[in-house]
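Student: Give me a 3D structure for the following:
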Amino acid sequence: MKELIKGNLALFFIFVILFWFKTYAVYQIEFNLGIDNKMQEFLLFINPLSSALLFFGLALFFKGKVQSTVLIFMNFLLSFVLYANVAYYRFFNDFITVPVVMQTKVNGAQLGGSALSLMSPMDIFYFTDTILLILFVAKKWYNPGKSISRKPGTVVILAAVATFMINLGLAEKDRPELLTRSFDRNYLVKYLGTYNFSVYDVIQNARSASQRALADSNDITEVENYIKANNATPNPEFFGKAKDMNVIYVSMESLQTFIIDYQLNGQEVTPFLNSLAHNGSTFYFNNIINQTGQGKTSDAEFIMDNSLYPMSQGAVYVNKAQNTYQSSPAILKSRGYTSAAFHGNYKTFWNRNEMYRSLGYDEFFDAEYYQMTDENTKNYGLKDKPFFAESMPMLESLPEPFYTKFITLSNHFPFKMDEGDTDFPAAETEDNVVNQYFQSANYMDQALEQFFNDLKESGLYDHTVVVLYGDHYGISENHNKAMEEIIGKEITPFDNAMLQRVPVFIHVPGVDGGLVNKIGGQVDVQPTLMHLLGIDTKDYLTIGSDLLSEKHREVVPFRNGDFVSPEFTQLEEKCYSTETGELIEGAGCEPLAEKARTELQMSDEIVYKDLLRFYEPDGYEPIDRNDYQYIKKEMPPTMEERNGLGEQE
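Tutor: The predicted structure follows:
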C-alpha cells in the first residue's frame, strides 16, 4: 500500500479523482436523471469511481511510456464516451447505445449539421483532465519507471470490482430487478453510470444477436395467443368504408399535438391542420402517444406499417432490416395494391433502401428523382413545398389502388428556416430552437395545404384515404423553460409527458369524422386503417388496436415502459391521475404497468427473434425481399413540363 501512495501513484490517484468528479459534475449539469432520494444521489456520486479505477488501473500493468500512453488513451476514451452522450442527450434526452453507433455508419454524414448545433466551444472543459494529463506526461511530471510491480494494478482492479459490487447491491436494493426489468436507460445510467451502462449495453447487444439464431417455431405460440386474446373487433359502422381506396400516409416531421389550434400573438400556427381538426369530415385523434425509440422518424414509419413497437435500443430499420415482416404494403399487395415511398433524401438514409425491400414496397422515389438544388434543400433534404409539388407526377403514374407514404423534412431540429420560406413570426423566448419551431411548423402546414389542393386538382382526392401523423416530438424536455412561457404554466413530469403527444388525422372521402379523444398510440393507427379498408387484422400478429373499435384498449405504453391510460399514467415508476396530473399513492398503476410491459415484451419477441418467419396467415403471400431493387427509372414529365409541351403544340 505504501507503493500506492507515493510518486507517480499519487498522481495516478489524483487523475482518478479528477475524472470521477468531472463525471459527477457532468451528470448534474447535463443530464436530468430524476433523483428521488439520498440513496440515488449517493449512487450517482459513487458510480463513476468503479469505472475510473477499472479502466485507468489497466495502465498500471505496463511500465514506462507504455503506461503513460495507456493512461492517456483510457482517459480520453472514457471522456469521449461521456461527451458523446452529453451531445446526444441534448437533443434526444437519451443515451448512446451500440445500435446507435451502428446507425452513424448509415446516417453519420447527414447528421453533421444537427450534431454541430448541439455543441458549444465551452465543452472543451469536459476534457480538462485529459489535457492536464497530457501536459503532465509531456513535462515528465508523470513519469513511470522502467520496472513494474503488478501489485498496485491488482489492488486497484480489485478495488474497482468491490466498488462496483457495492454500487450494484445498493442499486438493486433501491430498484429491484434493475438489470432484468427496466426498459428505461435513464434508470441504468442513474444507478450505474454512463460507463458501466455502456459495458452492460455491449453485453445486451451480444445477447440480442443470438436471440434470432436460437428462436424456433414454438416461440410464436405465446405471442399468437396473447395477440388473439386481446384483439379489438372492428366497429361495423366504419368497417370497409374505405374499401379499394388509395392510401396516402404523410409523416409530419417533429409535429406535436400542442401546436394544433395554438395561436402565436393571435396568429394560428397551423391553420390548415386546424381546419381538418374541425371540419367534421376528417377523424382527428388528439390523444395519440409518441411511441418511438432511438430510431425516431424511422421508428414511426415502422410502427405505422407494422403495428409493432420499435426496438428499445437502436433502430429496426438499421438493426433488423433483414427480418420477415407482414407490413401494410405486403398485406395489401394480394388485394391488388401497388406501394411506393416518397422521400426527399437519398435512399440509404436510415437504411431505407434495405428495409423497404423487407416491407415489400414496389417503388421508392428518393432524392435521385427530385431537383436537389441549394434553394430547394435544407436540413436533411428537399423542402416540403417542392417535395410535394415534384412528387405529384410520380404519384399520378402509379397504378391504382395504391398505398403510399410521404416523409417530410422541413420541420426538423433545429427548425431554422431559410429567408423567404415563410413570413410567420418566430416566438420570443430566449431559446432559438423553440422560437424557430413555430415558423417551420407553419411552413409545413402551408405545404400540406398545397398537397391537398394538388390531390383535388389531380382527381385523386375523392377516392384516397389520407393519413397524417406526427412522427415524434420536436421539442424535448431540455427546452421546457422556454416551453413554460409558450403554454403559460410550469411543466411537471406529467405535463412533459402530455407534451409528447403527436396528432393523427385520417380523412376518408364520404365518411363523417370529427374529434376522437380516445387515448391511443401510434401502434394503433395501422389496424384502424386496415379495418377502414375492410381488412380484419385478427389473423395478423399486430400489437395495436383499432382506435374506432368499441373494444379499443386504452393502456398505451411508451417505448421506455411508462404508460398512459384514461385513469392512471405511470412515469418513471411514479403513478399519476390522468385526469388531474396529480401524484397518487399506492399501487394503482401496477396492474396496468404489467399489461404495458407484457405488450412491449410480445412485440420485442417478434422483432428480436424474427418470429414472423414462422407465421403465415391464410391468404397471405410472403414477401421475398430479393424481388425488390430501387434503381432509378425514367419518369413522366412534371405538370409544368406537360403544360409547357401543350403550349408549344
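Student: Name the residues that touch stretch 603-610?
Tutor: Contacts with stretch 603-610, where a contact means Cβ atoms under 8 Å, 6 or more residues apart in numbering, come from 208, 211-212, 215, 219, 222-223, 308-312, 316, 320, 323-324, 541, 543, 611-612. All C-beta atoms are positioned from the backbone trio N, CA, C, and that covers glycine.
Student: try it again with 6 Å
Tutor: S208, Q211, R212, A215, D219, V223, L308, Y309, K320, N323, I543 (Cβ atoms under 6 Å, 6 or more residues apart in numbering).
Student: Look over these and name the one with the lowest pLDDT score.
Tutor: Confidence by pLDDT is poorest for S208 among the contacts of stretch 603-610, given 69.
Student: Quick check, pLDDT for V189.
Tutor: V189 is given a pLDDT of 89.
Student: My reading is that it lies in a helix. Confirm?
Tutor: Yes - judged by DSSP: H, G, I helix; E, B strand; the rest coil, V189 forms part of a helix.
Student: I'd say it and F197 touch.
Tutor: Yes - between V189 and F197 there is a contact at 5.1 Å, judged by Cβ atoms under 6 Å.
Student: Toward the C-terminus from the strand or helix carrying V465, list the very next helix or strand.
Tutor: Using DSSP states H and E, V465 maps to strand 464-470. Using DSSP H and E, the helix or strand that follows strand 464-470 towards the C-terminus is helix 480-487.
Student: what about dumping the CA coordinates of that next one to CSV?
Tutor: The C-alpha coordinates for helix 480-487 follow below in CSV (Å, rounded to 0.1, in the frame of the first residue of the first chain):
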residue,chain,number,x,y,z
ASN,A,480,-39.0,23.2,-21.0
LYS,A,481,-38.0,26.5,-19.6
ALA,A,482,-39.0,28.2,-22.9
MET,A,483,-42.0,26.0,-23.3
GLU,A,484,-43.3,27.1,-20.0
GLU,A,485,-43.5,30.6,-21.5
ILE,A,486,-45.3,29.2,-24.5
ILE,A,487,-48.0,27.2,-22.6
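Student: which residues are in contact with the host helix or strand of P152?
Tutor: Using DSSP H and E, the element containing P152 is helix 150-174. Residues from elsewhere that reach helix 150-174 (Cβ under 6 Å, 6+ apart): 3-4, 39, 43, 46-47, 49-50, 53-54, 57, 60-61, 178, 191.
Student: Report the buried members of the residues you listed.
Tutor: The neighbour count (16 or more other Cβ atoms under 10 Å) marks L43, I46, N47, L49, S50, L53, L54, G57, L60, F61, L178, Y191 as buried among the contacts of helix 150-174.
Student: So R553 versus T464, what's the distance?
Tutor: Using Cβ to Cβ, to the nearest Å, R553 is found at 29 Å from T464.
Student: For S147, the count of nearby residues, please.
Tutor: 7 (other Cβ atoms under 10 Å).
Student: For the nearest residue to it once chain neighbours are set aside, give its distance to F19.
Tutor: Nearest residue to S147, sequence neighbours excluded (Cβ to Cβ, 6 or more residues apart in numbering): K63, at 6.4 Å. Per Cβ to Cβ, K63 is found 22 Å from F19.
Student: which one of the two has more residues nearby?
Tutor: Higher neighbour count among K63 and F19: F19, with 25 against 14, using other Cβ under 10 Å.
Student: Pretty sure A52 is one of the things the more buried one touches, is it not?
Tutor: Yes - contact criterion Cβ under 6 Å: F19 and A52 qualify, at 4.9 Å.
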